[in-house]
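Engineer: One predicted model, sequence on top.
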Amino acid sequence: MEARAHIETPLQAFLRQFRSSKLAVLGSVLLLAMIVAAILAPWIAPQNPYDLARIDVLDARLPPGAMSAEHGIRYLLGTDEQGRDMLSAILYGMRISVFVGVASTVLALAIGLALGLLAGYVGGKIEGIIMRVADIQLSFPSILIALILLALLGPGIGKIVLALVAVQWAYYARTARSAALVERRKEYIEAAVGLGLPPSRIVFRHLLPNCLPPLIVVAALQVASAISLEATLSFLGLGLPVTEPSLGLLIANGFNYLLSGKYWISLFPGIALLVLIVAINLVADQLREVLNPRLQAL
Amino acid sequence: MDSKAPLLELREVSKQFAKPMDFAARLGNWFGRSDWQKATLAVDRVSLAIQSGEVLGLVGESGSGKSTLGRIAAGLHNPSAGTRWWKGVQLDALHADERREAQLRTQMIFQDATASLNPRMRVADIIGEAPLVHGLISKRERADYVADLLQRVGLDASHAQRYPHQFSGGQRARIGIARALAVQPELLICDEAVAALDVSVQAQVLNLFMQLRAELGLTYLFISHDLSVVRHIADRVLVMYRGRIVESAPTAELFAHPRHPYTEALLQAAPTLDTEHRSFHALKEEASSSASSAYGFHAIPQHAEQDATLTEIAPGHFVACHADARS
Amino acid sequence: MSHVHIDNTVLRVEQLQMQFATRAGIVKAVNEVSFSVRRGEILGIVGESGSGKSMTAYSIMRLIDPPGRIAGGRVLLNGQNLLDLSDEQMRRVRGNRIAMIFQDPMMTLNPVLRIDTQMMEAIRAHQPVGKAQAREMARDALARVGMPAPEEKLAAYPHQFSGGMRQRVAIAIALLNKPDLIICDEPTTALDVTIQGQILHEMQTLCRESGTALIWITHDLAVVAGFADRLCVMYGGRIVESGDVREVLRQPHHPYTAGLIASSPSRNERGRPLYQITGSMPSLLELPSGCPFRTRCPRATDVCATMPDVDAQGNHVWRCFHPMNQPTERTHG
């Protein structure tokens, strides 16, 4: 009885194809390193930048490598204008950036996927309503919507995530609907209908797994986009409170000092943000290659 | 046996496909334009009856409506007009539950076996899902049930945890058959089920169909464009052209004495291994896909009301009224 | 560029080898394939999927991309080895001296261009003619393939045609530059039987009239039976049998050929199980040593693990240690 000689599970095939790009491997290593560092921040950061007792305003604006007179730690990347250790601030700031990026993407994905699949499978008036709402929302610039929402809702991490979800869901809904329209016509769905399976089961067990690949690609790219949107909002002052700075806020705070020689206050958070986004993009690019259905050798 | 109702009966069934007018067109109509809905009549007043245990062949070319008719029989499309009867009971008159129950007894085997299998499901799930959902088996029984079915269709039961793309084309066809058998059907509708298979695999799958018929008492509606296959496997044959049945007869009779000019044309054009039949004939003018001009060939007229009826010209042999039909 | 040739052989393929490098090893998709085609002759190449028949055609046309490569042999078109030509020289041969027709006419036709644009492009790529003359030639070509109202059709787009008509346009394009050889890869497999019949009729007439050689690749023995003059049967990348169509079908020597004929429904008694070749085609990565068919052959013995020599009887050639010697008859399951 012959079947393929090499039995590879889909996961193994995916990993193998993913690894074929050195850049993507580099990107994922970087990304993983940054995420781990961010998660472990409370343990590896030299200083807790949110603990006001530990910050000494006398240590403000020290250059990289300077020693703290009072606290006995070396400020590897300098301090900002409030005496916070830049390295610690960056680590904690990454935590927030990554959390906000991932949380908003996952929520937006879930909502967009559900609505998009519903629209694509059921069609008719429901599809019309959902898609028109999505279209209207997509025609506004995302920053504008986020700004308006934040102005209404006020500051706070939860509100930022909410604003980002509101901005992003429509993109997922459109993609999910297109995928659902294509898959719905395929014979394996017809077969499932013929087997008398209930519609809910068909949508979740048959349609969803086959509509997911393009959405995963979108999601991977959108994480980066969400992070940079949050950074922008913080930079504009509408994001997180000053006491819990994200990378964007750190960059904003140091903006004034850029030209007066104290570059490190903006530069290092800026580099951290850049590396984070580039790493995500590298991974997302390769994901898109690998998940491209045309390249799936069957 | 004559008084026994046929297993499946379709009476005067028609199917129309209309492209729904979008909002803009409807708005236009409101303002005085007259855009009509474009409709195509895929199946036109077809009646057929399948007796339990028989193999009914359905032949036709593209545009004949045979696939649509097959899907109506399988319950995948609802007819625009006409009625469906299962074991003498009208399907549309039943409650939704009873209707679902009855429709489960009819299963379809698709032409493209690869497309008909969910690429992200393991074979064991593909086959075992429906009987579990319908309560035919319990979770504990599932593994054995699936293994049994795989063996029955000639596959290795140890491959149950694999994915469809890890099998060959012929094996995928068998998986599709196992999936259909899993819900214990009485009628199988094979829509060009062997058309995409290599000749040597085709023979194996056709033999499997015949074996299952003998072992499980199945009934078949066998849709195909390949006359030699239909001739081998079917007890009776229906010939469809442009949504209508133009001829219907027991197999031997149809191939020996075709009456309708279209049937004759089909038989003449079919290639045979017989090397004496050395040249093909210039037969017909083709209509382009957008024009609705009638086929020039043999002046088959545009459908008129009275042409839908079939007359019996010999026992069991029916032909649609036609100027050129021999009697 | 014309070479003087003594016989009227248009194409001679000698020991052609085409291979793919895959992660799991080298796949010999075309293995020591040799055949020839004469002027005005129709050669049928018959095989199932994985037999290498399409790959042979692509190799002749040098349409092979890496990781595939042509590993050996010669392809002589009117005496000239195509494998020796540079890319530019080969480009001048394609569409000009050899034309190819594919199963899907949309592999030939560009969906966004009008028919006349595409046909004129094909002509003017190889012949120095003006636009008006090219259009004339295009119209004539359409008329020759039996297209009604050719003038109207020239102004149309491919999506306005049915499958059969598109294939006719593809054939017309193939004929435009009066090639010496046309290779057809399953062009009528997806078409209705009546349309297929008509196209086969037209191709036969055209070949007889213009002396164009034709290679017709198909999995359908019955089409070849009524249409071709000679036939080659391929299995596992090799030619297992070849000869005059009538000869081979009346008395196949190779068990695979005999098996194919025997599994055809028309050769079996109604209602009885069809003769079936046991097992299934092995993947090209796992071909058995020696004769590729031996794992499924009812007549195989140990000696079949080595490659049998070529046996011949006039035109009829085969490779088997245990050939069938009786004429085929109706088989019973």
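Structural biologist: Looks like it arrived, so ask away. Residues are numbered from 1 along each chain as shown, chains lettered A, B, ... in the order given.

Engineer: Return the residues in contact with residue 207.
Structural biologist: Picking chain A for this. Contact analysis of A:Leu207 by Cβ atoms under 8 Å, 6 or more residues apart in numbering or on different chains lists A:117, A:121, A:180, A:183-184, A:189. All C-beta spots, glycine's among them, are computed from the backbone N, C-alpha and C.

Engineer: not quite, I wanted chain C
Structural biologist: Contact analysis of C:Cys207 by Cβ under 8 Å, 6+ apart lists C:40-42, C:213-214.

Engineer: Let me know the average pLDDT across stretch C:307-315.
Structural biologist: Stretch C:307-315 comes out with an average pLDDT of 85.

Engineer: cool, and stretch B:156-169?
Structural biologist: Mean pLDDT, computed over stretch B:156-169, is 89.

Engineer: ok, and what's touching that stretch?
Structural biologist: A:1-4, A:7, A:10, A:296, A:298, B:113-114, B:117-124, B:126-127, B:143, B:146-148, B:150-151, B:172, B:175, B:196-198, B:201, C:49, C:280-281.

Engineer: how about the strands of chain C, start to end?
Structural biologist: Per DSSP state E, chain C carries strands over the ranges C:9-22, C:25-38, C:42-46, C:68-77, C:80-81, C:98-101, C:181-185, C:213-218, C:230-235, C:238-244, C:311-313, C:316-318.

Engineer: wait, chain A
Structural biologist: Using DSSP E, the strands found in chain A span residues A:66-67, A:74-75.

Engineer: Quick one: list the elements packing against the last one.
Structural biologist: Read that as strand A:74-75. strand A:66-67 (3 or more Cβ pairs under 8 Å, 6 or more residues apart in numbering or on different chains; DSSP states H and E).

Engineer: how much space is there between the closest residue to A:Lys262 other than its chain neighbours and chain C?
Structural biologist: Leaving aside its sequence neighbours, A:Lys262 sits nearest to A:Arg61 (Cβ to Cβ, 6 or more residues apart in numbering or on different chains; 5.5 Å). To chain C, A:Arg61 is 58 Å away according to Cβ to the nearest Cβ, to the nearest Å.

Engineer: same check, this time on B:Glu253
Structural biologist: B:Glu253 is 13 Å from chain C, where distance means Cβ to the nearest Cβ.

Engineer: Same check on A:Glu230?
Structural biologist: Distance of A:Glu230 to chain C, given as Cβ to the nearest Cβ: 43 Å.

Engineer: Please apply the same query to A:Leu113.
Structural biologist: Distance of A:Leu113 to chain C, computed by Cβ to the nearest Cβ: 33 Å.

Engineer: tell me the contacts of residue 252?
Structural biologist: Reading this off chain A. By Cβ under 8 Å, 6+ apart, the contact set of A:Ala252 is A:234-237.

Engineer: Wait, chain B was what I had in mind.
Structural biologist: Per Cβ under 8 Å, 6+ apart, neighbours of B:Ala252: C:Arg270.

Engineer: need the next SSE after the helix or strand harbouring it, C-terminal direction.
Structural biologist: Assessed by DSSP states H and E, B:Ala252 sits inside helix B:251-256. As assigned by DSSP H and E, the chain's next helix or strand after helix B:251-256 is helix B:261-269.

Engineer: So what touches stretch A:88-98?
Structural biologist: For stretch A:88-98, contacts defined as Cβ under 8 Å, 6+ apart pick out A:34-35, A:37-39, A:41, A:44-50, A:77, A:80, A:157, A:227, A:230-231, A:240, A:244-250, A:268-269, A:272-273, A:276.

Engineer: Next, name the residue at the spatial heart of the chain.
Structural biologist: Picking chain A for this. In chain A, the C-alpha nearest the mean C-alpha coordinate belongs to A:Val223, at 2.1 Å (Cα atoms, centre = their mean).

Engineer: ah, I was thinking of chain B
Structural biologist: In chain B, the centroid-proximal residue (Cα atoms, centre = their mean) is B:Gly70; its distance is 3.4 Å.

Engineer: what does chain C give?
Structural biologist: Nearest residue to the geometric centre of chain C (Cα atoms, centre = their mean): C:Ile217, 2.8 Å.

Engineer: what's across from that one in the sheet?
Structural biologist: Under DSSP bridges, the beta-bridge partners of C:Ile217 are C:Ile45, C:Asp185.

Engineer: where does chain A dip in pLDDT?
Structural biologist: Chain A contains residues with pLDDT under 70 at A:1-8, A:52-55, A:69-72, A:292-298.

Engineer: all helices in it, in order from the N-terminus.
Structural biologist: A:10-19, A:22-39, A:41-44, A:86-122, A:124-138, A:142-153, A:157-184, A:187-194, A:199-201, A:208-235, A:247-253, A:264-291 (DSSP state H).

Engineer: follow-up on the earlier one: burial check on the residue nearest to A:Lys262, number of neighbours?
Structural biologist: 19 (other Cβ atoms under 10 Å in any protein chain shown).

Engineer: quick one, phi psi at it?
Structural biologist: When read as degrees, to the nearest 10, the backbone of A:Arg61 gives phi 60, psi 40.

Engineer: Show the contacting residues for it.
Structural biologist: A:Arg61 sits in contact with A:78-81, A:257, A:262, A:265, where contact means Cβ under 8 Å, 6+ apart.

Engineer: do you know how far it is from B:Thr40?
Structural biologist: According to Cβ to Cβ, to the nearest Å, A:Arg61 and B:Thr40 sit 78 Å apart.

Engineer: What helix or strand is B:Leu48 located in?
Structural biologist: Assigning secondary structure by DSSP H and E places B:Leu48 in strand B:39-50.

Engineer: Could you list the paired strands of that strand along with their orientation?
Structural biologist: strand B:8-18 (antiparallel).

Engineer: so can I have a markdown table of the strands of chain A showing mean neighbour count and distance to C:Glu241?
Structural biologist: Below are the strands of chain A laid out as a markdown table (neighbours: other Cβ atoms under 10 Å in any protein chain shown; distance: least, Cβ to Cβ, whole Å):
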| stretch | mean neighbour count | distance to C:Glu241 |
| --- | --- | --- |
| strand A:66-67 | 12 | 88 |
| strand A:74-75 | 19 | 84 |
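
Engineer: rewinding a little: would you mind listing the two of the contacts of A:Leu207 that lie farthest apart?
Structural biologist: Based on Cβ to Cβ, the longest span within those runs between A:Leu117 and A:Ile189 and measures 12.2 Å.
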